[in-house]
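Novice: Sequence first, predicted model second:
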Amino acid sequence: MHRQENNLFEFGVFRLDVREHVLLRDGEVVPLPPKALDLLVELVTNSGHVIGKEELMKSLWPDSFVEEANLSHHIFTLRKALGEDPGGSRYIETIPRRGYRFVAKVLEPDDESSDFVVAERIHSRIVVEEERMDTVGGTAQTAQAFQLKKLPEIDTARPIHRKGLAVVAGIFAVVGLALAGYFWMTTNHDRERSGLAVKSIAVFPLKAVGDDPGDSEYLADGITEALITRLTRVPNLRVIPWVTVERYKESNKPLQAIAEEMRVESVITGSLRRTGDRIAVTISLIDGRSGLQYWADEFEEPLADIFTVQRRIALGAARGLKAELSSQQEQALAQSASRSAEAYEYYLRGKAALRQGDKASKELNQLAFELFQKALKLDSNLAEAYAGIGRVQHNQKTMGWGETTNQNAEASFQQALALNPTLAEAHIGLIRVSFLDGKCEDGLKYAQKAASLGLEDADILSVRGRAYYVAGIWDKAVSTYKRAIELDPANEESHSMIISSYLFTGEYRRATEAGEIFFRRFRDSPREHYFTALAFHCLGDFALAKMHYELAIKLAPEDAAPQVTLGYLLKQNGQPSEARRIWIQGLETLKRKVAEAPHNHWLHGSLAQFYAQLGNKAAVLKEEDWIRRESPDNGNMLGQLADAFARLGETERAIEYYRGAVRSGFLTFSPRALVKVDGTERLEQSPAYHEFIKELAQITDRLREQY
């Protein structure tokens, strides 16, 4: 096929020696499988020209029928060896629907001037015998079994000049390459015969490449998330959720290090390139320990056929994993979210807007809402879009952006489940809505429903742990979070919530240890510093408690809880004026936040706490009026009012609100041990309070047994 007038070719820092079948980078041998080297020779010797895929396959496998995936696999291997992205084009350009072209500038130095011309008297050629072996997916490809002939003896009586040393070094480099190739192929051959038996996998976010990667990032993320969802349907395969892998999107950590953090055997990586109305996706399945590639493929389709791309990727990955699927499981793996590619694109753009802004941006939240609505106008059965709207409405209620209620969000999530009963995002949304409204038993019911449908990934378990947590069943919360962390060691929410779960079970030392793990593995975060501070406070380590309270306040100056409790710690230690200064400072910060988001009921509840700690009963009564008017049935807010009146010393009124919170479904009351550190210790003197605690324990015991 190619004109081979020369045996040496140079491009960039590379030199390809066709006669010796070796590629070097700055004089060092680049290990490559023999078939990948054959492919490189074909491309380089025809540089600047497009070579069709069929033409390449006929040249590389003249006596075999092979799938296109084998060619894509070796293209990926070459790109990786040449140091470019999977979908890059610095050396090898993909020509959609046609083939490939070598685009780098190629020089052809004189053969005779090469240091790699090996003298015949000390040269031993590597003899390669080709044998047949099965490839990923059951088709055949040609593999190489290396046999090395004995090197002729070197005449040691004659001096070896520097040129000779280079020759000898070249021989050993080639022999080393042959041995490396032999062991590489043998390892993969054994893997082929025994099956991959992969039990755990992480799908890294596809990298958007091309002239304008920002314009196609939402597509790359959408295809990644869809692949994760589909792979969760593969039996006995643990798949790391999107919420975890997304955090590694900009990570510079080595692939093996990330795989070790997630405790997965394999990872899927790849890229997406958009050219006009077409997309090309390159995917590879890689061993998380060795970095060796199991399988690779490339998929090119019009954007209008995005569902075809998703289906082919999912089925190809399942074949690469050697998954044994029933016809029903294959159908589930190939199932598309929508019948309209345009509707699905609007949905993906809405998801991208939420990822950018979510709770941080009212404008991006509204943009997401509008994009989800456009998607539903084109496809009224797109369950994922209803779930997206539910998430927007939940954000609006949480942040006080407008007049929406959690009933709106709940209705949207329920509509999503009516269309797709196993949509994990909608189940998670329903459970979270129940927390915000203080409907603890509803959260348990929703969590139980998800479990009955077999939804058991780390995300679902994490939110189920939250359902136990807010219901006061802290021992079950701990065990559920532990299970979630086993499935996904990088699950941030589970690592966070297990700190306060340990705190509420009275395991203060474990709470501080869990806090240390969180800060080491993830980041500084105000909630985690607050609960770690409470644990140290309960242990009597006031110095560390103060340090963590102050860190929590620095990270979230509008959060009342750490400031109220820090002030109480200072008051306990004979610094009442400093305590008051902190409370006044926190109050002023919070007032500014309320002015920005006047409908945020959490902020009004926090105001009540500050006013109570400062002894301003009139201001507490004002916040009481607002909460009773705006959130009369919200158990969370009734609990906040109860704490405020307890701090004022009005125990009977506090207990009245505690009982009202329970009637509304709210059960997340701090254990009795914490009243000694949060300023509500006067409750301990009330017999009515102790009676209330007994009633609460009976409810919690019933729920523990029922759920």
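Specialist: Great, that's in hand. Numbers count the residues shown, from 1 in each chain.
Novice: C-alpha only now, for contacts and for neighbours.
Specialist: Will do.
Novice: Nearest the geometric middle of this structure, what residue?
Specialist: residue 245 (1.8 Å; C-alpha atoms, centre = their mean).
Novice: Need the three-state assignment for that residue.
Specialist: Per DSSP: H, G, I helix; E, B strand; the rest coil, the local secondary structure of residue 245 is helix.
Novice: Can you give me the neighbour number for the nearest residue to it once chain neighbours are set aside?
Specialist: Closest residue in space to residue 245, ignoring its immediate chain neighbours: residue 204 at 5.9 Å, by C-alpha to C-alpha, 6 or more residues apart in numbering. Applying other C-alpha atoms under 10 Å, we find 25 other residues in the vicinity of residue 204.
Novice: Show the model's pLDDT score for residue 204.
Specialist: The predicted local distance difference test score for residue 204 is 93.
Novice: ok, now which ones touch it?
Specialist: Contact criterion C-alpha atoms under 8 Å, 6 or more residues apart in numbering gives 224, 245, 246, 248, 249, 267, 268, 269, 270 as the residues in contact with residue 204.
Novice: Tell me the spacing between the residue nearest to the fourth one when sequence neighbours are not counted and residue 632.
Specialist: Once flanking residues are discounted, residue 248 sits nearest to residue 204: 7.7 Å by C-alpha to C-alpha, 6+ apart. Here the distance between residue 204 and residue 632 works out to 45 Å (C-alpha to C-alpha, to the nearest Å).
Novice: which residues touch the closest residue to residue 205 other than its chain neighbours?
Specialist: Nearest in space to residue 205, with sequence neighbours left out and distances taken as C-alpha to C-alpha, 6+ apart, is residue 224 at 5.6 Å. When contacts are counted by C-alpha under 8 Å, 6+ apart, residue 224 touches 203, 204, 205, 206.
Novice: Report the buried members of these.
Specialist: With neighbours counted by 16 or more other C-alpha atoms under 10 Å, the contacts of residue 224 contain buried members at 203, 204, 205, 206.
Novice: Widest-spaced pair of those?
Specialist: 203 and 206 (8.4 Å; C-alpha to C-alpha).
Novice: Now the common contact residues for the two.
Specialist: Listed as contacting both residue 203 and residue 206 by C-alpha under 8 Å, 6+ apart are 224, 269.
Novice: quick one: which helix or strand includes residue 271?
Specialist: strand 266-275 (DSSP states H and E).
Novice: right, and the helix or strand after that strand?
Specialist: Tracing the chain past strand 266-275, the next element assigned as helix or strand by DSSP H and E is strand 278-287.
Novice: Show me what the helix or strand following that next one packs onto, helices and strands only.
Specialist: Downstream of strand 278-287, the first helix or strand assigned by DSSP H and E is strand 293-302. Judged by 3 or more C-alpha pairs under 8 Å, 6 or more residues apart in numbering; DSSP states H and E, the packing partners of strand 293-302 are helix 68-82, strand 278-287, helix 306-320.
Novice: Can you lay out those as JSON lines showing mean neighbour count?
Specialist: As requested, those are arranged in JSON lines below (neighbours: other C-alpha atoms under 10 Å):
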{"stretch": "helix 68-82", "mean neighbour count": "20"}
{"stretch": "strand 278-287", "mean neighbour count": "22"}
{"stretch": "helix 306-320", "mean neighbour count": "21"}
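Novice: Can you say which of those is nearest to residue 16?
Specialist: Per C-alpha to C-alpha, nearest to residue 16 of those: helix 68-82, 11.8 Å.
Novice: what angle do the closest one and strand 266-275 make?
Specialist: The directions of helix 68-82 and strand 266-275 differ by 90 degrees, with axes from the mean of the first three to the mean of the last three C-alpha atoms, to 10 degrees as the criterion.
Novice: ok and helix 68-82 relative to strand 293-302, angle-wise?
Specialist: 110 degrees.
Novice: just the CA coordinates of helix 68-82, formatted as PDB?
Specialist: What follows is the C-alpha trace of helix 68-82 in PDB, where atoms were taken according to Å, rounded to 0.1, in the frame of the first residue of the first chain:
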ATOM      1  CA  GLU A  68     -13.100  -2.000  13.400                       C
ATOM      2  CA  ALA A  69     -12.600  -1.900  17.200                       C
ATOM      3  CA  ASN A  70      -9.200  -3.500  16.800                       C
ATOM      4  CA  LEU A  71      -8.000  -0.700  14.500                       C
ATOM      5  CA  SER A  72      -9.400   1.900  17.000                       C
ATOM      6  CA  HIS A  73      -7.600   0.100  19.800                       C
ATOM      7  CA  HIS A  74      -4.200   0.400  18.100                       C
ATOM      8  CA  ILE A  75      -4.900   4.000  17.100                       C
ATOM      9  CA  PHE A  76      -5.500   4.800  20.700                       C
ATOM     10  CA  THR A  77      -2.300   3.000  21.700                       C
ATOM     11  CA  LEU A  78      -0.200   5.000  19.200                       C
ATOM     12  CA  ARG A  79      -1.700   8.300  20.300                       C
ATOM     13  CA  LYS A  80      -0.900   7.400  23.900                       C
ATOM     14  CA  ALA A  81       2.700   6.400  23.000                       C
ATOM     15  CA  LEU A  82       3.100   9.600  21.000                       C
END
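Novice: List of residues touching stretch 418-436?
Specialist: Applying C-alpha under 8 Å, 6+ apart, the set of residues contacting stretch 418-436 from outside is 381-384, 387, 390-391, 394, 398, 406, 409-410, 413-414, 416-417, 440, 442-444, 446-447, 450, 453, 455, 460, 463-464, 467, 470, 636.
Novice: repeat that for 6 Å
Specialist: Applying C-alpha atoms under 6 Å, 6 or more residues apart in numbering, the set of residues contacting stretch 418-436 from outside is 383, 387, 410, 413, 443, 446.
Novice: Pick out whichever of those sits closest to residue 575.
Specialist: Distances from those to residue 575 were compared by C-alpha to C-alpha; the smallest belongs to residue 443, at 41.8 Å.
Novice: Now name the helix or strand holding the nearest residue to the closest one once chain neighbours are set aside.
Specialist: The shortest distance from residue 443 to any non-neighbouring residue, by C-alpha to C-alpha, 6+ apart, is to residue 431 (4.7 Å). Take DSSP H and E as the rule and residue 431 turns out to sit in helix 424-436.
Novice: what's the average pLDDT for that helix?
Specialist: Mean pLDDT, helix 424-436: 90.
Novice: next SSE after it?
Specialist: Sequence-wise, the next helix or strand downstream of helix 424-436 (DSSP H and E) is helix 440-452.
Novice: what angle do the following helix or strand past that following helix and helix 440-452 make?
Specialist: Proceeding N to C from helix 440-452, the next assigned helix or strand is helix 458-470, under DSSP H and E. Helix 458-470 and helix 440-452 meet at an angle of 150 degrees, taking the same axes, to 10 degrees as the criterion.
Novice: ok, back up a step: in JSON lines: the helices and strands packed on strand 293-302, plus mean pLDDT and distance to residue 335.
Specialist: Compiled in JSON lines, the helices and strands packed on strand 293-302 are given as follows (pLDDT from 0 to 100; distance: least, C-alpha to C-alpha, whole Å):
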{"stretch": "helix 68-82", "mean pLDDT": "80", "distance to residue 335": "22"}
{"stretch": "strand 278-287", "mean pLDDT": "90", "distance to residue 335": "19"}
{"stretch": "helix 306-320", "mean pLDDT": "88", "distance to residue 335": "7"}
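Novice: Nearest to residue 652, out of those?
Specialist: Taking C-alpha to C-alpha, helix 306-320 is the member of the helices and strands packed on strand 293-302 nearest to residue 652, at 60.7 Å.
Novice: what is the orientation angle of the helix or strand just after the closest one with helix 306-320?
Specialist: Counting by DSSP H and E, the next helix or strand C-terminal to helix 306-320 is helix 327-334. On the basis of the same axes, to 10 degrees, helix 327-334 is oriented at 130 degrees to helix 306-320.
Novice: Now tell me what touches helix 327-334 from outside.
Specialist: 230, 311.
Novice: same deal with stretch 556-567?
Specialist: Taking contacts as C-alpha under 6 Å, 6+ apart, the residues outside stretch 556-567 that touch it are 530, 549, 579, 589, 590, 606, 678.
Novice: same for whatever helix or strand the first one lives in, what does it pack against?
Specialist: Take DSSP H and E as the rule and residue 530 turns out to sit in helix 526-539. Using 3 or more C-alpha pairs under 6 Å, 6 or more residues apart in numbering; DSSP states H and E as the contact criterion, the neighbours of helix 526-539 among helices and strands are helix 508-521, helix 542-555.
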